[in-house]
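>>> no sequence on this one, just coordinates:
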C-alpha cells in the first residue's frame, strides 16, 4: 500500500541530515517537497538536492499556504493526502521533507492522519531542530541541571506576553523573532536582558550571523530564518 | 593547536547521527567518551562504535561523575580539559561525543571554556535531541502554530511544581520521568491529563516502548532513558 517517511532534514546545512534521512532520500521513489505557493520553490528541497545526485526519485511539490486556517487548511491537508496516496500507489516509497524536526512547528504531523487514512504506513524520522543549531553556533547551553527550556514563536505574542515569557522561564528560545521586532526589543529592555540574548541568523550555513548587541539588533533587519536564545541566569 | 568537535550523536539509533558527526568521527585522531565512573563504560560510545569500523581514532574515556557539584565538579572539568588538551597536542583533531544534542542537558557546554583556555579551537555539532525522537516514535506534534513547548527535568521538581508546569504550558516534555514517578502520577491525575500523555522508552531503538495508559504507567518500572510528552490541548 505504499510507505511514507516524514523526514526532518535539519536546520539548513545538508551535512546535518541524519544518516537515516540520507539513506531514505537516496532510496525513495518519490520525494514530496512543501512550498508556500505553486511554483514558489521549496526551501527544504534546495537543502537536500545536492545529496540526491544519481538517485532516481521523482520530485513532487506540495503546496501548503501558510496563511490558511480552519476549513480551508483542512481542505489543503485533505488534497495533499490524496495526492501523496496517488503518487505512492502500487507500493511505492515516499519521503516528505520538512525543515528542522517534523514535530517542532511543522505542519507535517497534522497532515499525517490525512495520509494514513489512505492505508499508507507512515514513519516519522526526527531531525536536528533549528534551535539546537543556533545553540551550537553560539556555543550557548539551552538548558542544564534542573533548568527548564521554553520554546515559543514570536507571532501571536503581544509585548506583555513576551515580557512574561522572559521573566518566568530559565531559558527561552524565540522562533521567528522577525515577526514583532519592536515588541521583542521592548521585552528585552524592560527585563534588563540586554546581555542575556543571542540572535542567530541562518545557523550552520556560510551566511551565519550572530548578534549579541541590542543596538546592532535594533538596526538589523531580522530575516525569517532566525532564532533567538535568551538565558535568565 | 588542536581542534575539538563537541558532537551530539542523537538519541540512540546509530542511523540518527548526522552526516557531519559521522564524517568527523571517521576522521578524528581521538574520540573522547564520557562515562559516569572510571571503567563503567560509555553509553555514547556503545552507540557509535559500530560506525567506526576501520577508522583509526584512539578512544579515550573521560569520567564525569553525575552526583558531583560545586568545587568538586569544577575540578573534574578542569582535569578533563587538561586531559583533552594533552591528547590533542601537536595539532590533533578530537571528537567529544554526547547523547542527544550537546546544548540540551549535557555537561559538554560547561566544560567548553576549560578546553578552550588551552588554545584548542572548539566547534559544536548539533544532534537530534531525545525528545524529537520520542515525538517521532509516538507521532506526537511537540508544538505548532502559536503554541509553546516547555522542556523540564523531573529531578528537582516537587509534585506541586510539576502540576503547575502541566497546567500552565501548552506542551510539556519531561526528561528523566523516572526521577519521581509518584509525583508525576499525582500531577497527571490531579490535572485530568490521563488522556494527554505518552511515555516513550528508548525511542528509535529495537527496545522502544510507548505507554499511554495511566494504569500501565503506574505498574511500569520507568527506565532512565525515557521521555514523557504531555499536551494541554
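Arrived safely, thanks for sending. Note that this is a predicted model, so its numbers are computed, not measured.

>>> which residues of chain A score low on pLDDT?
Residue ranges of chain A with pLDDT under 70: A:156-158.

>>> identify the single longest helix in it, thanks.
helix A:70-87 (DSSP state H).

>>> and the strands in chain A?
With DSSP state E as the criterion, chain A has strands at A:3-8, A:30-35, A:58-63, A:93-98, A:121-125, A:149-153, A:171-175, A:197-201, A:209-211, A:226-231.

>>> can you lay out those strands as JSON lines showing mean neighbour count and distance to chain B?
All C-beta spots, glycine's among them, are computed from the backbone N, C-alpha and C. Shown next, in JSON lines, are the strands of chain A (neighbours: other C-beta atoms under 10 Å in any protein chain shown; distance: least, C-beta to the nearest C-beta, whole Å):
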{"stretch": "strand A:3-8", "mean neighbour count": "26", "distance to chain B": "7"}
{"stretch": "strand A:30-35", "mean neighbour count": "22", "distance to chain B": "14"}
{"stretch": "strand A:58-63", "mean neighbour count": "15", "distance to chain B": "17"}
{"stretch": "strand A:93-98", "mean neighbour count": "24", "distance to chain B": "11"}
{"stretch": "strand A:121-125", "mean neighbour count": "20", "distance to chain B": "4"}
{"stretch": "strand A:149-153", "mean neighbour count": "24", "distance to chain B": "4"}
{"stretch": "strand A:171-175", "mean neighbour count": "25", "distance to chain B": "9"}
{"stretch": "strand A:197-201", "mean neighbour count": "23", "distance to chain B": "11"}
{"stretch": "strand A:209-211", "mean neighbour count": "17", "distance to chain B": "13"}
{"stretch": "strand A:226-231", "mean neighbour count": "23", "distance to chain B": "9"}
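
>>> out of those strands, which comes closest to residue B:81?
Of all the strands of chain A, it is strand A:226-231 that lies closest to residue B:81, at 22.3 Å by C-beta to C-beta.

>>> the closest one packs against which elements?
helix A:130-138, strand A:171-175, strand A:197-201 (3 or more C-beta pairs under 8 Å, 6 or more residues apart in numbering or on different chains; DSSP states H and E).

>>> can you rerun that using 10 Å?
helix A:130-138, strand A:149-153, helix A:159-168, strand A:171-175, helix A:181-190, strand A:197-201, strand A:209-211 (3 or more C-beta pairs under 10 Å, 6 or more residues apart in numbering or on different chains; DSSP states H and E).

>>> now do that strand and helix A:181-190, the angle between them.
For strand A:226-231 against helix A:181-190, the angle between stretch directions is 20 degrees (axes from the mean of the first three to the mean of the last three C-alpha atoms, to 10 degrees).

>>> now strand A:226-231 and strand A:171-175, what's the angle there?
Going by the same axes, to 10 degrees, strand A:226-231 makes 170 degrees with strand A:171-175.

>>> what lines up beside strand A:226-231 in the sheet?
strand A:171-175 (antiparallel), strand A:197-201 (antiparallel) (DSSP bridges).

>>> now residue A:182: closest residue in space that isn't a chain neighbour?
When the adjacent residues along the chain are set aside, residue A:182 lies closest to residue A:159, with 7.8 Å between them (C-beta to C-beta, 6 or more residues apart in numbering or on different chains).

>>> follow-up on the earlier one: closest one to residue B:9 among the helices and strands packed on strand A:226-231?
helix A:130-138 (12.8 Å).

>>> the closest one packs against which elements?
Secondary elements touching helix A:130-138 (3+ C-beta pairs under 10 Å, 6+ apart): strand A:149-153, strand A:171-175, strand A:197-201, strand A:209-211, strand A:226-231, strand B:3-8, strand B:121-125.

>>> between strand B:3-8 and it, find me the angle.
Using the same axes, to 10 degrees: helix A:130-138 against strand B:3-8 is 160 degrees.

>>> angle of helix A:130-138 against strand A:149-153?
Using the same axes, to 10 degrees: helix A:130-138 against strand A:149-153 is 110 degrees.

>>> ok and helix A:130-138 relative to strand B:121-125, angle-wise?
180 degrees.

>>> ok, and the closest non-adjacent residue to residue A:50?
Residue A:50 sits nearest to residue A:14 (C-beta to C-beta, 6+ apart), 5.7 Å away.

>>> meant to ask about residue A:2, not that
Closest residue in space to residue A:2, ignoring its immediate chain neighbours: residue A:88 at 3.2 Å, by C-beta to C-beta, 6+ apart.

>>> ok, now which ones touch the residue of chain A most remote from its centre?
Ranked by distance from the centre of chain A (C-alpha atoms, centre = their mean), the top residue is residue A:90, with 31.1 Å. Taking C-beta atoms under 10 Å, 6 or more residues apart in numbering or on different chains, we find residue A:90 in contact with A:1, A:2, A:29.

>>> mind checking which of these are buried?
Among the contacts of residue A:90, the ones that count as buried by 16 or more other C-beta atoms under 10 Å in any protein chain shown are A:2, A:29.

>>> picking that back up, these two touch, right, the residue nearest to residue A:2 and residue A:3?
Yes - taking C-beta atoms under 10 Å as the definition, residue A:88 is a contact partner of residue A:3 at 7.4 Å.

>>> I am finished for the moment; much appreciated.
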